[in-house]
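Peer 1: return a 3D structure for these sequence lines:
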Amino acid sequence: MAFQQGLSGLNASSKALDVVGNNVANSSTVGFKSSSAHFADVYAASLGGGGASQVGIGTALSSVFQQFTQGNITTTNNTLDVAINGSGYYVVSRDGTDAYTRNGQFHLDNEGYIVNDQDYKLLGYLPNASGVIDSSGERPEEIQISTANIEPQATWAGDVSDPKMVLNLDSSEDAIDSATYPTVDTTNPLSYNYSTSMTVYDSKGNDHKMTLYFVKSDSATSDSEEWSVSASLDGSDAVELEGTGSPLSFDSNGALPTTPAGVNVLTVPAATATLWEDSLSGATLGDGTSTTFSIDFSGTTNFNGDSTVNSMTQGGFATGTLTGTSISSDGTVLGNYSNGQSKALAQVSLATFANSNGLSNMGNNLWQATSTSGEAKYGVPGEGVRGMLQSAAVEESNVDLTAELVNMITLQRNYQASAQTIKTQDQIMQTLVNLR
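Peer 2: As a prediction, this is how the structure comes out:
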């Protein structure tokens, strides 16, 4: 009598129950990927070849495959928790060993590295000397967040757009008599129609108050109005801004011309700009090589209504300390600073493989590349087949608990049935032994 078939059924069902039990145990493990047991029938080798009467000798576990399907995404309160929505794996490293994971539960260690619970450091691409992140490198680097202050930026730095101010200047205002008030007297409101201020910054991050004075010209024609603009820095004497033509010249509809380009950009005279910077104790309002300080008034109107500022922008800011970090959908790690600025500190890398099922499981939701999986191909989120990231979120286990419980019942019945075949074979053997 053969007991091998029933015994193989017991072994196979037991191993399959191990797989199901592992799935159930990890149903709440972040980034876990469920597994399924694959079986194969077993036949004895035959010298004469197979035939119609060939009987199998049981079953065997041929392989255990992980199902790399997407898990649900759940939000958290940690901005460094990151979920992948789509394909790809985080690249992490410890002691020179690279590993790959879908578990995006990260935090900062005492040296500023982004690490997981096993102290594997997250890898990505870092900015170069110019602050530009280059993701073309073959292998990403460990991401370390610098806690240094963000450098201040002068308002008229070379890579920053000119300050812009959009106003409405009241067309019902009376013109200022140029004979009585040829220039703006900052102490006499009768010498100007309207004033407002803008905070500007020097290269050391010091803030300065620049006050602008608007004067309606008494030389306006019946179909247009002209307004001159003067500026004062930190209470200095006001100086009239210069333009390519007349200062601000409005048409009969109360609008400024849109062509040529730059017609509504007014500039502080070079001599005054030099005097302003001479008083800044070595700091500059621009990039240090130019004293051209211009303000763009495009969009300003001349309607009958109160003079008011509608919008005001300038690119300078003071220094700031790091208050937190966040990760955008394309993997950019942003540092958020106390001065309201943000700065790209790194970009998270994602790896893909030709055969994910060829990865070797290391435990702790980590995998290693093998010859079966193929080499890792690095890139950034959204590139190629790689998914996008969601900050303050994690990817749940993809275990279908209901299906696993049903599988458990099925495998229990298979185990019982295999045991019953052994019991039946035993009863038959006992009958033969008892023959007289």
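
Peer 1: run through the residues that contact the residue nearest the centre of the chain.
Peer 2: Nearest to the mean C-alpha position of the chain, counting by CA atoms, centre = their mean, stands residue 328 at 1.5 Å. Residue 328 makes contact with 334, 389, 391, according to CB atoms under 8 Å, 6 or more residues apart in numbering. To be clear about C-beta, it is placed using only N, CA and C from the backbone, and glycine gets the same treatment.

Peer 1: my reading is that the first one lies in a strand. Confirm?
Peer 2: Yes: Residue 334 forms part of a strand when assessed by DSSP: H, G, I helix; E, B strand; the rest coil.

Peer 1: tell me how many other residues surround it.
Peer 2: 17 (other CB atoms under 10 Å).

Peer 1: what's the answer for the second one, then?
Peer 2: In terms of burial, residue 389 registers 25 neighbours under the definition other CB under 10 Å.

Peer 1: neighbours of residue 240, how many?
Peer 2: The burial count for residue 240: 18, using other CB under 10 Å.

Peer 1: next one: residue 260
Peer 2: Neighbours around residue 260, by other CB under 10 Å: 8.

Peer 1: try residue 185
Peer 2: Residues within reach of residue 185, counting by other CB under 10 Å, total 14.

Peer 1: distance of the closest residue to it other than its chain neighbours from residue 181?
Peer 2: Nearest residue to residue 185 in three dimensions, chain neighbours excluded: residue 191, at 4.4 Å (CB to CB, 6 or more residues apart in numbering). For residue 191, the distance to residue 181 equals 4 Å [CB to CB, to the nearest Å].

Peer 1: and for those two, which residues touch both?
Peer 2: Common neighbours of residue 191 and residue 181 (CB under 8 Å, 6+ apart) are residue 215.

Peer 1: ok, those two, which is more surrounded?
Peer 2: More neighbours surround residue 191 than the other of residue 191 and residue 181, with 19 against 15 (other CB under 10 Å).

Peer 1: and the more buried one, what is it in contact with?
Peer 2: With CB under 8 Å, 6+ apart, residue 191 has these contacts: 176, 181, 183-185, 213, 215.

Peer 1: closest to residue 367 among these?
Peer 2: residue 213 (67.3 Å; CB to CB).

Peer 1: just checking, residue 378 touches residue 347?
Peer 2: No: the pair residue 378 / residue 347 is not scored as a contact, 11.3 Å apart, by CB atoms under 8 Å.

Peer 1: give me the ChimeraX select line for the contacts of residue 191, limited to the buried ones.
Peer 2: In ChimeraX syntax, the buried subset of the contacts of residue 191 is picked out as below (16 or more other CB atoms under 10 Å):
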select :176,183,184,213,215
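
Peer 1: would you mind putting the contacts of residue 191 into CSV with secondary structure, pLDDT and distance to residue 121 alongside?
Peer 2: Output for these, formatted as CSV (DSSP: H, G, I helix; E, B strand; the rest coil; pLDDT from 0 to 100; distance: CB to CB, whole Å):
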residue, secondary structure, pLDDT, distance to residue 121
176, coil, 93, 66
181, coil, 94, 67
183, coil, 93, 63
184, coil, 95, 60
185, coil, 95, 63
213, strand, 97, 56
215, strand, 96, 61
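
Peer 1: including distance to residue 5, could the contacts of residue 191 go into a markdown table?
Peer 2: Below are the contacts of residue 191 laid out as a markdown table (distance: CB to CB, whole Å):
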| residue | distance to residue 5 |
| --- | --- |
| 176 | 108 |
| 181 | 111 |
| 183 | 108 |
| 184 | 104 |
| 185 | 108 |
| 213 | 100 |
| 215 | 104 |
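
Peer 1: and which of the contacts of residue 191 is nearest to residue 144?
Peer 2: Minimum distance to residue 144 across these is 49.3 Å, recorded for residue 213 (CB to CB).

Peer 1: contacting residues around that closest one?
Peer 2: 184, 186, 191-192, 194-195, 229-232, 238.

Peer 1: out of those, who's nearest residue 136?
Peer 2: Out of the contacts of residue 213, the member with the shortest distance to residue 136 (by CB to CB) is residue 231, at 45.2 Å.

Peer 1: in terms of helices and strands, where is the closest one?
Peer 2: Taking DSSP states H and E as the definition, residue 231 sits inside strand 225-233.

Peer 1: next structured bit after that strand?
Peer 2: Next element after strand 225-233 (DSSP H and E): strand 239-240.

Peer 1: and that next one, how far out from the chain middle?
Peer 2: Distance of strand 239-240 from its chain centroid, counting by CA atoms, centre = their mean, to the nearest Å, is 45 Å.

Peer 1: again with stretch 76-96
Peer 2: Its chain's C-alpha centre and that of stretch 76-96 lie 12 Å apart, by CA atoms, centre = their mean.

Peer 1: how about the strands in the stretch 101-250 of the chain?
Peer 2: Along the stretch 101-250 of the chain, the segments classed as strands by DSSP state E, counting those that start in this stretch run 107-108, 114-115, 121-125, 141-142, 164-168, 194-201, 207-216, 225-233, 239-240, 248-250.

Peer 1: and the fifth one, what's buried?
Peer 2: Using 16+ other CB under 10 Å as the test for burial, strand 164-168 gives 164-165, 167-168.

Peer 1: can you list those residues in a markdown table and add distance to residue 359?
Peer 2: Listed next are these as a markdown table, based on distance: CB to CB, whole Å:
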| residue | distance to residue 359 |
| --- | --- |
| 164 | 53 |
| 165 | 58 |
| 167 | 62 |
| 168 | 64 |
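
Peer 1: for those residues, which one is nearest residue 279?
Peer 2: residue 165 (23.2 Å).

Peer 1: pLDDT score for the closest residue in space to the closest one that isn't next to it in sequence?
Peer 2: Of all residues not flanking residue 165 in the chain, residue 312 sits nearest, at 5.0 Å (CB to CB, 6+ apart). Residue 312 carries a pLDDT score of 95 in this model.

Peer 1: please renumber the chain so that the first residue is 32 from this point on.
Peer 2: That works, and once the first residue is 32, the last one we named lands at residue 343.

Peer 1: who does the host helix or strand of residue 343 pair with, and is each partner parallel or antiparallel?
Peer 2: Element membership for residue 343 (DSSP H and E) is strand 339-344. For strand 339-344, the pairing partners within the sheet under DSSP bridges are strand 195-199 (antiparallel).

Peer 1: which residues sit against the partner strand?
Peer 2: Here strand 195-199 makes contact (CB under 8 Å, 6+ apart) with 227, 229, 243, 245, 326-334, 336-345.

Peer 1: how about stretch 306-323?
Peer 2: 185-190, 231-235, 237, 239, 264-265, 267, 298-299, 301, 304-305, 324.
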